[in-house]
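A.B. asks: Got a sequence here, can you model it:
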Amino acid sequence: MGYRIETYSLSELSRISTPGKVVPALFWLIPVGNWEYSELERLWHHFTQRRGRCNEMGLMLVKDKYNRGNIDVNSVKETVLSEMTGKLADLLPSGINTIYNNDYIVSNKKNNQVLILSGAYPQPGWGVLISFKEHVEIEEFLERTLNEIHFDIYTVFRIATLAFKNWEESKNKMPIKPEVRVFVDKNKICIELVNQTESLLRDIETDNLNSFHYQTLKKISREIQIKEFSEKLDPLFEKADDKFIISVMILRAHKEMRDTEINNTLFRFITEHNPKTNNLFKSESNEQLKKTASLLLKLEETEKPKENFIAWAENIYNARIDDIIGIVKNVKNFFTVMVGDLTISTIHLEENYKSELAAWRDDLEKKRLFFHKNLQGVIKSHWEYGPSFLINLEIEAKKRGASAKSVSWDPARMVGWKILTAGMELKVIDIAAHVKEIIPEFANETNSINYVDDNTLLNGSLFTDYVHYISKSDPKISAREITKNLLKRLLRTSEIASILKNISLNIPLGQTNNELIEALLVNFGWPAKENHEETTLAACVRETDGKYIVNPHISGNDIRIISESYCKDLIDTLSSKLGYTEKELWDMILFKRPEYKGQNQGWNYEINKITIGGAIIILNALLDEALPEKKDVSDLLLRSLNDLSKKLNPLSHHSHIQVNTSDLINEIVSIINCTKELVSEMPWHFNPIQRNGQQPSVLTGNAWSHSYKQSRQLSIILWNGEDISDSMLIWNPTKINPVVPDAIIINRP
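C.D. replies: Residues are numbered from 1 along each chain as shown. From the prediction side, this is the model:
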């Protein structure tokens, strides 16, 4: 099965992870890194067109932009879909890089990589990254792994998949609301025509001659776009033409005026009218006669009466009126029936629509309930088979010589599941007893609530719950160290060795229990976090016999990177001191230093990408604005930075050039001394690991600053409810350490 997603990102995976959001699948397959179009197309077809286990049990995720219409099929071999596939760093939580090294990040040279996740994502807490040469290899790994799963699981997924597709198809079959507006508009026209014909018949019966209704009917006939209606009115206007209308108007005027006045006035118009001057129309005061004359003038010369207009009108009227009455009655009856038919049709359509809509909703609800009933079996299968599928897939891939690694966002849960899948039957009592020993109050907590039975078999979820519970009680101990201690308590050396042997790992003789557990965690996919400490500017300098030297273990390129980090911290500190908004900062920088050329991507982007050269320009403006009284020291700092930049500049263009770092000592010492005079000390990069109290709260964690050689444990006092992040930039100009009562939290504009 295949599914198109908006974009490869953690938020997109979270969006579709709700059960029932996408078609049920035991696993998701996500192409990552560089792929040739032909390989990706074949893998896509394997999931979407070919009958097989992958089609039945898997879901391949591709970007919505991926389709044949965007590809030149004549150059598929050269086409690389880097933008159409995912990047591992975008698909995993940001903290993953603190656990795994760069081997887990997709490089440009690696093709045909896939990330396999459980269909219950984010459970069970990890995925498998596999690199292979051709798409057929991943198909073989998957098929072999799926064939080891119990047959009943296929039935569960097939029924659930069919139910999901039926439900989805029914969503698109919602009855279309009929266009009753057309019937309503037609009905309005019919009602108007019935009213006009009734009024016309009343006029004729009462001898109340009036051309208005004839003209109104003609106007309606011209405007309506319904051929059936206009054709029904055509016979009326063949009889009630302009001559007939004129006769009606003359006879109407005859009721109010003398014969001589009518005849003389109309005769004068017929014989003396000048269309260029319209003098007769301007001088005539009788509006009725002017309207009659205007119609008379439009008649052909042979049709115009020359005298005795009243007699002419009576002849025409009497000759036609009976036929017209018959036609009008027929028209009235026709449109009266039409009004009834249209009213009934409208009611019938609306009732049918309501009935169809109710039936559709009932059917949709039945299909939804049927799917969600079967979804419970899918969720149970995810729980029972999801972890073992990922484990067996990784083992199968390694057996076939492919590169396969577990990538976990909840390593403790992964370890728990892998221990269980390896055949270790551990019970809750095995781990709970140990927790009660190290955390005595745990016994009271478990007695006061309906806790898990001690004889329940331990699984990955229960294991990780205990790990995080212990970690919460003592944040100074890492989750990995807690896991190691638990495994030492729970597993015998022979059991650890057996697990390692089953994953095809050669065990050197004479290893201790601790070494075996370390090997177990590493091979499970939880390597030890490298103890990497940020090198500070102060650490670049050593003092020997009263003389300063550059730390010989630090290269020139390292010093360039450290100096850029220092500049960013100083810029953030001065910006915080000013308290300007992003716009105000840019306005000030460009006013004081108009030669500065930014990249127009925002202040945060600009500072993140800043080099020493660019930082000097920005610092020049910031120091002048924030510390105008310390201009001499500011100028010395900027000169020292500029001299340092010139000496380090070759590294930016020629990385092979070796810089004699001893030549940099004067500039570095000058920068450190100037910093003390300007800002007292550089800000601290603070990673809180423990919080005590509320308003005020005391945060404790590790911190480092460019003003000090070593990192230290720092505690700060917060007097309000600021949001606490994993990493904070803290400035303490009063230099009262290690407890900082008035910490200034620096947030980049």
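
A.B. asks: use CA for all of it now, contacts and neighbours both
C.D. replies: OK.

A.B. asks: Tell me, how many residues neighbour the closest residue to Q113 other than its chain neighbours?
C.D. replies: Nearest residue to Q113, sequence neighbours excluded (CA to CA, 6 or more residues apart in numbering): S131, at 4.4 Å. S131: 22 surrounding residues under other CA atoms under 10 Å.

A.B. asks: List the contacts of the closest residue to K304 other than its chain neighbours.
C.D. replies: Closest residue in space to K304, ignoring its immediate chain neighbours: L296 at 6.6 Å, by CA to CA, 6+ apart. Contact analysis of L296 by CA atoms under 8 Å, 6 or more residues apart in numbering lists K243, I246, I270, K304.

A.B. asks: As a quick check, tell me the outermost residue of the protein.
C.D. replies: Ranked by distance from the centre of the chain (CA atoms, centre = their mean), the top residue is T260, with 87.1 Å.

A.B. asks: Can you tell me how far the residue nearest to K304 is from R320?
C.D. replies: 18 Å (CA to CA, to the nearest Å).

A.B. asks: So P24: helix, strand or coil?
C.D. replies: Assigned with DSSP: H, G, I helix; E, B strand; the rest coil, P24 falls in the coil class.

A.B. asks: what's the neighbour count on the nearest residue to it once chain neighbours are set aside?
C.D. replies: Distances taken as CA to CA, 6+ apart place T161 nearest to P24, at 5.8 Å, with adjacent residues excluded. Other residues near T161 come to 23 when the count uses other CA under 10 Å.

A.B. asks: Just the CA trace of the helix or strand containing T161, in PDB.
C.D. replies: Following DSSP states H and E, one finds T161 within helix 152-171. The C-alpha coordinates for helix 152-171 follow below in PDB (Å, rounded to 0.1, in the frame of the first residue of the first chain):
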ATOM      1  CA  ASP A 152      -3.700 -15.100  11.700                       C
ATOM      2  CA  ILE A 153      -2.200 -11.600  11.600                       C
ATOM      3  CA  TYR A 154      -2.700 -11.400   7.900                       C
ATOM      4  CA  THR A 155      -6.400 -12.000   8.300                       C
ATOM      5  CA  VAL A 156      -6.600  -9.200  10.900                       C
ATOM      6  CA  PHE A 157      -4.900  -6.700   8.600                       C
ATOM      7  CA  ARG A 158      -6.800  -7.800   5.500                       C
ATOM      8  CA  ILE A 159     -10.200  -7.400   7.100                       C
ATOM      9  CA  ALA A 160      -9.200  -4.100   8.800                       C
ATOM     10  CA  THR A 161      -7.700  -2.800   5.500                       C
ATOM     11  CA  LEU A 162     -10.800  -3.700   3.500                       C
ATOM     12  CA  ALA A 163     -13.000  -2.100   6.200                       C
ATOM     13  CA  PHE A 164     -10.900   1.100   6.100                       C
ATOM     14  CA  LYS A 165     -11.100   1.400   2.300                       C
ATOM     15  CA  ASN A 166     -14.800   0.800   2.300                       C
ATOM     16  CA  TRP A 167     -15.200   3.500   5.000                       C
ATOM     17  CA  GLU A 168     -13.000   5.900   3.000                       C
ATOM     18  CA  GLU A 169     -14.800   5.200  -0.300                       C
ATOM     19  CA  SER A 170     -18.200   5.800   1.400                       C
ATOM     20  CA  LYS A 171     -17.000   9.200   2.600                       C
END
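
A.B. asks: elements contacting whichever helix or strand comes after that helix?
C.D. replies: Toward the C-terminus, helix 152-171 is succeeded by helix 180-205 as the next helix or strand (DSSP H and E). Judged by 3 or more CA pairs under 8 Å, 6 or more residues apart in numbering; DSSP states H and E, the packing partners of helix 180-205 are helix 212-223, helix 309-399.

A.B. asks: can I get those helices in JSON lines with mean pLDDT, distance to I30 and mean neighbour count?
C.D. replies: Listed next are the helices and strands packed on helix 180-205 as JSON lines, based on pLDDT from 0 to 100; distance: least, CA to CA, whole Å; neighbours: other CA atoms under 10 Å:
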{"stretch": "helix 212-223", "mean pLDDT": "80", "distance to I30": "61", "mean neighbour count": "15"}
{"stretch": "helix 309-399", "mean pLDDT": "88", "distance to I30": "14", "mean neighbour count": "17"}
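
A.B. asks: quick one, which of those is nearest to R712?
C.D. replies: helix 309-399 (40.3 Å; CA to CA).

A.B. asks: how does this protein divide up, domain by domain?
C.D. replies: 2-147, 180-352, 410-524, 538-679, 684-746 (automatic domain parsing).

A.B. asks: What's the end-to-end length of the second one?
C.D. replies: Between the opening and closing residues of domain 180-352 there is a gap of 12 Å (CA to CA).

A.B. asks: That domain: how far from the chain's middle?
C.D. replies: Distance of domain 180-352 from the chain centroid (CA atoms, centre = their mean, to the nearest Å) equals 65 Å.

A.B. asks: Same question for the first one.
C.D. replies: Averaging C-alpha positions (CA atoms, centre = their mean) puts domain 2-147 19 Å from its chain's average.

A.B. asks: Can you give me the end-to-end span of it?
C.D. replies: For domain 2-147, the first-to-last residue distance is 20 Å (CA to CA).

A.B. asks: now that we have the contacts of L296, which one has the most neighbours?
C.D. replies: Neighbour tally across the contacts of L296 (other CA under 10 Å): the maximum, 23 neighbours, falls on I246.

A.B. asks: Show the contacting residues for that one.
C.D. replies: For I246, the contacting residues are T292, L295, L296, A313, by CA under 8 Å, 6+ apart.
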